[in-house]
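In: could you look at this predicted model? Sequence included:
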Amino acid sequence: MKRLLDAGISAALGLGLLLAWELSTGWWQLSALVLPAPSQIARALGQGFATGYWWPHLAQTLLSVGLGLAAGAALGFGCGLLLGQSRRLRRWLTPYLVLSQVTPKLALAPLFIVWFGFGLLPTVVMTALICFFPLLENTLSALDQTDARQLELFRALGASRWQTLWRLQLPAGRHTLAAGLRVALVLAWVGAVVSEFISASHGLGAVIIGAQGSMDTALMFAALALIAGLGITSYALLGALERRWH
């Protein structure tokens, strides 16, 4: 009941902001080129769905986010497990992993186009690289936070390293792993859309760039609204799955 009340209050706040936005654009007579009213954005959304304009772009972006998140999360989780089992390997590789993350991903986009061409692949690669580090770091943190007394107990019982990992360390660190996955999901939307700005002819990012070129601000806001809606929905679904897991 409390959760429903909180959701209702949040929705009311959003509706209030939209109403204030709608009224202010009419009051100050703002041009739709500068700031379209929510009603104009809703009209652009409705027309796009009615004509089928949005569907291929939605499919492209959802595919990019899904594949990029899956690849980046799997790679980050796997590398985190590997480095978590070897302190020496962790010391050797950590500087290079950090270096790979402090390098601006947007600066790599032209190279990805040269290496992988235009389309889906460079977008997936960019998204995977962005999602990789949160899962790596949170996996390492999850392994490090295991209670030392429980570790000693498992060793005393003769558990192998992998038995200790799967039966103690990962279950104990599931909250940290879930937090890393939530961060990676949010970053996946950012990575996919930004990559589509440069390397794709389809996708919501490509829609924004095309609308910018045609000075269709309402269409730009409509694409942003879709991105925001899909991002919030996917985050909520992940939260629901996490609660079932716990």
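Out: All right, it came through fine.

In: any idea how far Leu15 is from Ile9?
Out: 11 Å (CB to CB, to the nearest Å). In short, each C-beta sits where N, CA and C put it, glycine included.

In: my bad, should have said Val183
Out: Counting by CB to CB, the gap from Val183 to Leu15 is 29 Å.

In: now swap in Phe118 and tell me
Out: Going from Phe118 to Leu15 by CB to CB gives 40 Å.

In: quick one: which helix or strand includes Thr25?
Out: helix 2-27 (DSSP states H and E).

In: could you give the mean pLDDT of that helix?
Out: For helix 2-27, the mean pLDDT works out to 80.

In: which helices and strands sit right next to that helix?
Out: Judged by 3 or more CB pairs under 8 Å, 6 or more residues apart in numbering; DSSP states H and E, the packing partners of helix 2-27 are helix 38-51.

In: continuing past the helix it packs on, what's the next helix or strand?
Out: helix 54-84.

In: give the buried residues for that next one.
Out: For helix 54-84, burial by neighbour count (16 or more other CB atoms under 10 Å) applies to 54, 57-58, 60-61, 63-65, 67-69, 71-73, 75-77, 79-81, 83-84.

In: name the residues of the next helix or strand after that helix that are buried.
Out: Sequence-wise, the next helix or strand downstream of helix 54-84 (DSSP H and E) is helix 87-102. Neighbour-count burial for helix 87-102 flags 90, 97 (criterion: 16+ other CB under 10 Å).

In: list the contacts of helix 87-102.
Out: 79, 82-84, 129, 133, 136, 140 (CB atoms under 8 Å, 6 or more residues apart in numbering).

In: tell me who's in contact with the residue lying closest to Leu67 once chain neighbours are set aside.
Out: Nearest non-adjacent residue to Leu67, counting by CB to CB, 6 or more residues apart in numbering: Val124, 4.6 Å away. With contacts defined as CB under 8 Å, 6+ apart, Val124 is in contact with 64, 67-68, 71.

In: quick check: phi and psi on Val124?
Out: Val124 adopts backbone torsions of phi -60, psi -40, taken as degrees, to the nearest 10.

In: low-confidence stretches in the chain?
Out: Low-confidence segments of the chain, defined by pLDDT under 70: 1-2, 6, 159, 245-246.

In: could you report the neighbour count for Ser199?
Out: Residues near Ser199, counting by other CB atoms under 10 Å, number 24.

In: ok, it to Leu230 distance?
Out: 20 Å.

In: before we move on, what about Ala236?
Out: With CB to CB as the criterion, Ala236 and Leu230 are 11 Å apart.

In: just want to know which of those two has more residues nearby.
Out: Each of Ala236 and Leu230 has its neighbours counted (other CB under 10 Å); Leu230 has more, 16 against 11.

In: looking at it, that one is touching Leu62, isn't it?
Out: Yes. Contact criterion CB atoms under 8 Å: Leu230 and Leu62 qualify, at 7.3 Å.

In: give the buried residues for the helix or strand harbouring Arg244.
Out: Arg244 belongs to helix 217-245 when assigned by DSSP H and E. Across helix 217-245, burial judged by 16+ other CB under 10 Å covers 217-227, 230-231, 234, 238, 242.

In: thank you, goodbye.
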